[in-house]
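[1] coordinates for the following, if possible.
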Amino acid sequence: MSKLFVVATPIGNLSDITFRAIETLKSVDLIICEDTRVTKVLLDHYEISKPMFVINAQNESKKIPELIDKIASGLNCSLVSDAGTPSISDPGIRLVNAAVKNGIEVIGIPGPSAVTLALSISGLPTDAFVFEGFLPQKKGRQKNLIELAGEERTIVLYESTYRIEKLLNELNEYFPDRQIAVCRELTKKFEEVWRGTASEILSGLNKKITKGEFVVIIAPKDFRM
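    I've put the predicted structure just below:
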């Protein structure tokens, strides 16, 4: 039986990929991705030409049996996401779970991760943290924020262009005195980090560019700079 390789790919800068990841993508029979257009940019950059198979939140449950059959029949496959490490706030964990249940060996090819990168440059405690990814957009969002307000570890959140101001206003309400690091467009040309309390960051928000992908780090409640 062949293998499923879970391959981390760049979150922005195409140079942020390991030699092992490139070798793996060149050697497998099939690359499983979220969006062929996004993955093709990476593959073309490294002159890799392989068949691709799309798996995303919409078709994941339907396509997994077909993929398991392909791997079981002898195809080595690589799972990639649009950016970073697959299965972390991205599709893939159900496929990995199905592979494990079917006795298929799953091999991780480590590399870029927005979570660990943001933590490493935040200046906030990293000895213990909780990763929440994207908060629910509507139902359960307030409940999550109330529960997180009592969290004693560093908190890591993801947020999008369209909701970053809303999130900062919520953090100002539920975490008014906490130190926060907001990381925008990590590894890309306009990468920047905003630091301070939510209210301090909000006060200068109209002077900032709020387009892009965001990682928000919230310090433990007893932490002081």
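[2] wait, Phe131 touches Ala114, no?
    No. In terms of CB atoms under 8 Å, Phe131 does not count as a neighbour of Ala114; the distance is 10.3 Å. From N, CA and C alone the C-beta is placed, and that goes for glycine too.
[3] the two: which is more packed in?
    Ala114 (22 against 14; other CB atoms under 10 Å).
[4] look up phi and psi at the more buried one.
    phi -60, psi -30 (degrees, to the nearest 10).
[5] check Glu191 too.
    phi -60, psi 140.
[6] and the pLDDT at the residue in the chain sticking out farthest from the centre?
    Within the chain, the residue lying farthest from the chain centre (CA atoms, centre = their mean) is Ser73, at 30.6 Å. Ser73 carries a pLDDT score of 94 in this model.
[7] how about low-confidence regions in the protein?
    Along the chain, the model assigns pLDDT under 70 to residues 1.
[8] and it, what are its domains?
    3-109, 114-218 (automatic domain parsing).
[9] any idea how far the longest one is from the chain center?
    The chain centre lies 14 Å from the centre of domain 3-109; the measure is CA atoms, centre = their mean, to the nearest Å.
[10] what's the end-to-end length of that domain?
    End-to-end distance for domain 3-109: 12 Å, by CA to CA, to the nearest Å.
[11] what's the answer for the last one, then?
    Terminal residues of domain 114-218 lie 15 Å apart, using CA to CA.
[12] and if you look at stretch 149-168?
    End-to-end for stretch 149-168, by CA to CA: 14 Å.
[13] list the buried residues in it.
    149, 153-159, 164, 167-168 (16 or more other CB atoms under 10 Å).
[14] in helices, which of those residues appear?
    164, 167-168 (DSSP state H).
[15] so which of those comes closest to Lys138?
    Relative to Lys138, the closest of these is Leu167; by CB to CB it sits at 13.6 Å.
[16] wait, doesn't the closest one sit right on Val215?
    No. Between Leu167 and Val215 there is no contact under CB under 8 Å: 11.5 Å.
[17] what do these two both touch?
    157, 159 (CB atoms under 8 Å, 6 or more residues apart in numbering).
[18] mind putting the ones in helices among the buried residues of stretch 149-168 in a markdown table, distance to Thr18 included?
    Formatted as a markdown table, those follow (distance: CB to CB, whole Å):
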| residue | distance to Thr18 |
| --- | --- |
| Ile164 | 30 |
| Leu167 | 32 |
| Leu168 | 34 |
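[19] longest helix anywhere in this structure?
    helix 60-72.
[20] put the alpha carbons of that one into PDB.
    The C-alpha trace of helix 60-72 is given here as PDB (Å, rounded to 0.1, in the frame of the first residue of the first chain):
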ATOM      1  CA  GLU A  60     -14.500  16.500   1.200                       C
ATOM      2  CA  SER A  61     -17.000  13.800   2.500                       C
ATOM      3  CA  LYS A  62     -17.800  12.700  -1.000                       C
ATOM      4  CA  LYS A  63     -14.300  12.600  -2.400                       C
ATOM      5  CA  ILE A  64     -12.500  10.800   0.500                       C
ATOM      6  CA  PRO A  65     -13.500   7.200  -0.400                       C
ATOM      7  CA  GLU A  66     -12.200   7.800  -3.900                       C
ATOM      8  CA  LEU A  67      -8.900   9.100  -2.600                       C
ATOM      9  CA  ILE A  68      -8.500   6.200  -0.200                       C
ATOM     10  CA  ASP A  69      -9.100   3.800  -3.100                       C
ATOM     11  CA  LYS A  70      -6.500   5.600  -5.200                       C
ATOM     12  CA  ILE A  71      -3.900   5.300  -2.400                       C
ATOM     13  CA  ALA A  72      -4.800   1.700  -1.500                       C
END
